[in-house]
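K.L.:
starting from these lines, generate the structure:
(one chain, ligands or ions: 1)
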Amino acid sequence: LKVVEQVEPRIAAATRAELTDQRASLKLIASENYASLPVLATMGTWLSDKYAEGTVGHRFYAGCQNIDTVESVAAEHARELFGAEYAYAQPHSGIDANLTAFWAILANKIEGPALTEFGAKTVNDLTEADWATLRKRFGEQKMLGMSLDAGGHLTHGFRPNISGKMFDQRSYGTDPTTQLLDYDQIATAAREFKPLILVAGYSAYPRRINFAKMKEIADEIGAVFMVDMAHFAGLVAGKVFKGEEDPIPYADVVTTTTHKSLRGPRGGLVMAKEEYAPSVDRGCPLVLGGPLSHMMAAKAVALAEARTPAFQEYAQNVADNAKSLAEGLMSRGSKLVTDGTDNHIVLLDVSSFGLTGRQAESALLDAGVVTNRNSVPSDPNGAWYTSGVRLGTPALTSRGFGAAEFDRVAELIVEVLTNTEAAMASTGKPGKAKYTIADGVADRVKAATDEL
Ligand code: PLP
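P.N.:
Coordinates of the predicted model:
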C-alpha cells in the first residue's frame, strides 16, 4: 500500500481501514468470505493489462499465449473439482455468469434451430424479416425460478433485473407452514407454465435442494434445467452436498460465483453439459467483453485450493457451524425460517424481538456484528425493511471459529436484539427504521467480539 499511498492516499487509507474494520467485526454476511493470500496476490498483477477477447486458442488479439494457459488451468480445475463436462471461467461476476448461461441456452434452444429453419449459417446471414422473427422468439421465452421472498435471486427472472425483462417469468415459493420447497407444487407450476428454463438456486434459503427431483420436473416438461449454486458452491466443492444434493450431475447448465462459500476472488463460472459448451464458449462476445485475466488466474488458484482435503474440512465446518449457530439462537428463544439450517445460511426472523430487519441489522452493526437484512417468506414489511436478518458461517469459519465460538455469537446476537427497542413513529406505532439499544450493550458486545 505504500506505492498506492504515493498516488492516491485516500484509497490507501480506505483499504487499510477496511482491513481494520473486517478484523474488528464479526462478518456474518452469508455471501462474504476471506480469500487466501495466494488468491489476493494473484489478483494484483500485470495479467490485468492484457486483452484476450475470444476463447482459448481463438482470440481476437495477438500475444494471448499466457492468458490461454491461465484460462485453461482455471477451467481444468473447475471441471475436475466439480466433475463437470465443461467449464467457462470468463464471467466477471455471478450476474454475468447467469447472463452468459441464459443466452447460451437461448442460442442453443432458440437461435440454432431458427438458423436451420431460415437456411442461415450465422445471424449475419438472416434477412431483416428472419431477424425480426428471431428477436420476437427470444422475447417469448419463459423462465420458472424461486421467488425472491422465499430466498431466490434477482437474476432468476425478477423485473428489476435484466432477466425479468428478457423472460416471461413465474416463480415457485415455499410451503407456507414448513417454509420448505414443495416439489409437488413446483411440478404443478412447471406443468402449467411450461418454461424453457427451470432454475434452482437461492441466496437466502437455509436448506439443501434435491436436484434429482428438480431434474425430473424439468425433464417431464422438456425444460432446460439450470442451477445457480453461487451461494453453496463451496459446499458442493467440499463434498458436503453429495448425491442428489450435488447439482452437477443433474443440471444442464450450472452457474456460480467464486467469492462466496467457494472462498475465491470475486467472479463467476459457468459449467455445462457438453451439448451447451459451444454456446457458453461464446460468452464473449455474446454478453461479455475482454476477460479479466488476473481474475481468471485468481479463480484458478482458489479452485486449486478447493481441491485440497483442507478445503473439504473447511466446507464441513461451515455446515456444522451453521447448525451450532442455529441451535444457539433457537435455544435462546429465537425464531428461524424453516426452524433451522442444513447449509451455510441461518435466516433469523426478528419479528419476535419486535424489530424490523432494518432495525436489527443496524443495531447488530452498532455492536460490531455485520449481517444483512432479508425478507422472510410472505414478509409483511416488504423487501426494504424486511422482517429477517440473514446470517452465514463461511467467513468466520475461515477465521477458525468452531461450535463454541458460534454458540457465543448466537448469545451476543440475542443479547443485542433483546436489548434493542423499535422507536415509535409519529403514528404512535413502532417505526420501521429507528431504534434504541439499551445503554452499554453495544460496547459490551463489541468487547466480547474482540475476545473471540
Ligand atoms: N446468484 C446468486 C444466487 C447470488 O446470491 C448472487 C449474489 O448475491 C448472484 C447470483 C450475483 O453475484 P454477483 O454479485 O457476483 O453478480
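
K.L.:
was I right about residue 210 contacting residue 182?
P.N.:
No: with contacts counted by C-beta atoms under 8 Å, residue 210 stays clear of residue 182, the gap being 11.5 Å. Yep, even glycine has a C-beta here, placed from its N, CA and C like the rest.

K.L.:
for residue 86, give me its contacts.
P.N.:
Contact analysis of residue 86 by C-beta atoms under 8 Å, 6 or more residues apart in numbering lists 75, 79, 271-274, 276-277, 280.

K.L.:
got phi/psi on it?
P.N.:
Backbone torsions of residue 86, given as degrees, to the nearest 10, read phi -150, psi 140.

K.L.:
now swap in residue 294 and tell me
P.N.:
Dihedral angles (degrees, to the nearest 10) for residue 294: phi -60, psi -30.

K.L.:
one more: residue 65?
P.N.:
Residue 65 adopts backbone torsions of phi -60, psi -40, taken as degrees, to the nearest 10.

K.L.:
tell me, how many residues neighbour it?
P.N.:
Residue 65 has 9 neighbours, counted by other C-beta atoms under 10 Å.

K.L.:
could you do residue 208 as well?
P.N.:
Neighbours of residue 208 using other C-beta under 10 Å come to 18.

K.L.:
make sure it is actually in contact with residue 342.
P.N.:
Yes: the criterion here is C-beta under 8 Å, and residue 208 meets it with residue 342 at 5.4 Å.

K.L.:
how about the chain: which residue is closest to the ligand?
P.N.:
Residue nearest to the ligand within the chain: residue 94 (2.3 Å; C-beta to the nearest ligand atom).

K.L.:
chain center to stretch 176-190: distance?
P.N.:
22 Å (C-alpha atoms, centre = their mean, to the nearest Å).

K.L.:
brain fart, stretch 96-103
P.N.:
14 Å.

K.L.:
need the residues that contact that stretch.
P.N.:
In contact with stretch 96-103 (C-beta under 8 Å, 6+ apart) are residues 88, 90-91, 143, 155-156, 162-163, 166-167, 197, 226, 228, 230, 253, 255-257, 268-270, 272, 279-280, 283, 286-288.

K.L.:
what does stretch 164-178 give?
P.N.:
Residues from elsewhere that reach stretch 164-178, judged by C-beta under 8 Å, 6+ apart: 102, 138-152, 156-159, 163, 180-182, 185-186, 189, 193, 195-197, 205, 338, 377-378.

K.L.:
recalculate using a threshold of 7 Å.
P.N.:
102, 141-147, 150, 152, 157-158, 180-182, 185-186, 189, 193, 338, 377 (C-beta atoms under 7 Å, 6 or more residues apart in numbering).

K.L.:
averaged pLDDT, it. What do you get?
P.N.:
Here stretch 164-178 scores 95 as its mean pLDDT.

K.L.:
quick one: end-to-end length of that stretch, please.
P.N.:
One end of stretch 164-178 sits 28 Å from the other (C-alpha to C-alpha, to the nearest Å).

K.L.:
show me what the lengthiest strand in the chain is packed against.
P.N.:
Criterion DSSP state E: the longest strand present in the chain is strand 430-437. With contacts defined as 3 or more C-beta pairs under 7 Å, 6 or more residues apart in numbering; DSSP states H and E, the packing partners of strand 430-437 are helix 357-366, strand 420-424.

K.L.:
which of those has the lowest average pLDDT?
P.N.:
Mean pLDDT per stretch puts strand 420-424 lowest among those, at a mean of 90.

K.L.:
distance from that one to the middle of the chain?
P.N.:
For strand 420-424, the distance to the chain centre is 32 Å (C-alpha atoms, centre = their mean).

K.L.:
pLDDT score assigned to the closest residue to residue 267 other than its chain neighbours?
P.N.:
Nearest residue to residue 267, sequence neighbours excluded (C-beta to C-beta, 6 or more residues apart in numbering): residue 258, at 4.5 Å. Model confidence at residue 258, given as pLDDT, is 98.

K.L.:
likewise the one 5 residues further on?
P.N.:
The pLDDT attached to residue 263 in the predicted structure is 98.

K.L.:
which parts of the stretch 51-200 of the chain sit against the ligand?
P.N.:
Neighbours of the ligand within the stretch 51-200 of the chain, by C-beta under 6 Å from any ligand atom: 93-95, 98, 153, 155.

K.L.:
swap the cut-off to 5 Å and go again
P.N.:
Contact residues, the stretch 51-200 of the chain versus the ligand (C-beta under 5 Å from any ligand atom): 93-95, 153.

K.L.:
most neighbours among those, which one?
P.N.:
Highest neighbour count within these, by other C-beta under 10 Å: residue 94, with 28 neighbours.

K.L.:
brilliant, that's me finished.
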